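Visitor: Just to be clear, the model below is a prediction. Sequence and coordinates:
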Amino acid sequence: MSWKNTDKRYGVASIGLHWFMVGLLVAVFACIELREFYPKGSDTREALKTWHFMLGLLVFVLVWLRLAVRLSQATPRIEPEPVAWQKLLAKIVHVTFYGLMIGMPLGGWLILSGEGKSIPFFGLYLPALIAENKDIAEVVEEIHEAVGTVVYFLIGLHAASALFHHYFLRDNTLTRMLLDKK
C-alpha cells in the first residue's frame, strides 16, 4: 500500500493520521469525562485534567500535519459517485471537523491562560495567549464545554454515516479509509 493517496484509496499517511486522531480524540474526551469519578483536588483528577490539556494540544499540533497531507494529495473518488447534496454535506462536515480540531484546543489554551494557569505540553510550558482574565476564561469554558457536547454527536453521526454508506449505499466511502488487506 502506498504512503500517498491515489484516486481510489487513501494512503498509509492519511489513514494512519485519521485513525491516530480518532484514538487521540477518544483519549481527550475520556480524560475529561473520567475526572468526574475522582474528588476535586485529588491527584488522579488533576492528572486527568492535565492529560486532557496536553492531548488536546497534541490534536492542535497534528491537525496541521493532517491538513498538509490532505491538501497536498488527491482525494480518492467515492464509487459510485454520490449525489451533489451528499458531496456538499461531506465537505461541510470535513471543514467543520478541521475547524473543531483547531478551535477546541485553542479554546482550552485560552481558558488556562485566562485562569492564570500554566499550559503544560509534555514537559514544556506554553505561553499564555491572553493575560489573566477570569471572566473571559469562564465564557470561553462555557462555550468549550457546549461545543464539546456537540462534538460527541458529530463524531457519532460521522461514524454512522460511514456505516450507512458501507452497508446501505454500498459505496467505497468507508473502505477508502481502511488499510488494504493485500
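Guide: Here it is on my side, so go on.
Visitor: now for the host helix or strand of Q86, which elements pack on it?
Guide: Q86 is part of helix 84-114 when elements are defined by DSSP states H and E. Contact here means 3 or more Cβ pairs under 8 Å, 6 or more residues apart in numbering; DSSP states H and E; on that basis helix 84-114 packs against helix 43-72, strand 119-121, helix 134-164. Bear in mind the C-beta positions are built from the backbone N, C-alpha and C, glycine included.
Visitor: Tell me which of the ones you listed sits nearest to P105.
Guide: Checking the helices and strands packed on helix 84-114 against P105 by Cβ to Cβ gives helix 43-72 as the closest, at 3.5 Å.
Visitor: Just give me the neighbour total for the spatially closest residue to L112 that is not a sequence neighbour.
Guide: Of all residues not flanking L112 in the chain, I119 sits nearest, at 4.9 Å (Cβ to Cβ, 6 or more residues apart in numbering). Neighbour count of I119, defined by other Cβ atoms under 10 Å: 19.
Visitor: wait, what's in contact with I119?
Guide: Taking Cβ atoms under 8 Å, 6 or more residues apart in numbering as the contact definition, I119 lies against 53, 57, 109, 112-113, 125-128.
Visitor: Name the residues of the helix holding Q86 that come out as buried.
Guide: Along helix 84-114, the positions that meet the burial threshold by neighbour count (16 or more other Cβ atoms under 10 Å) are 86, 90, 97, 100-101, 104-105, 107-114.
Visitor: which one among the residues you listed gets closest to R35?
Guide: Proximity of the buried residues of helix 84-114 to R35, judged by Cβ to Cβ, is greatest for G108, which lies at 13.8 Å.
Visitor: Wait, that closest one touches G56, no?
Guide: Yes: if you go by Cβ atoms under 8 Å, G108 and G56 touch, sitting 5.0 Å apart.
Visitor: low-scoring stretches of this structure, by residue?
Guide: In the prediction, the chain carries residues with pLDDT under 70 at positions 181-182.
Visitor: Give the helix, strand or coil label for Y125.
Guide: Of the three states, Y125 takes strand under DSSP: H, G, I helix; E, B strand; the rest coil.
Visitor: Which residue is the nearest non-sequential neighbour of it?
Guide: Nearest residue to Y125 in three dimensions, chain neighbours excluded: S118, at 5.1 Å (Cβ to Cβ, 6+ apart).
Visitor: now the residue nearest to L112: how far from T96?
Guide: The gap separating I119 from T96 is 25 Å, by Cβ to Cβ, to the nearest Å.
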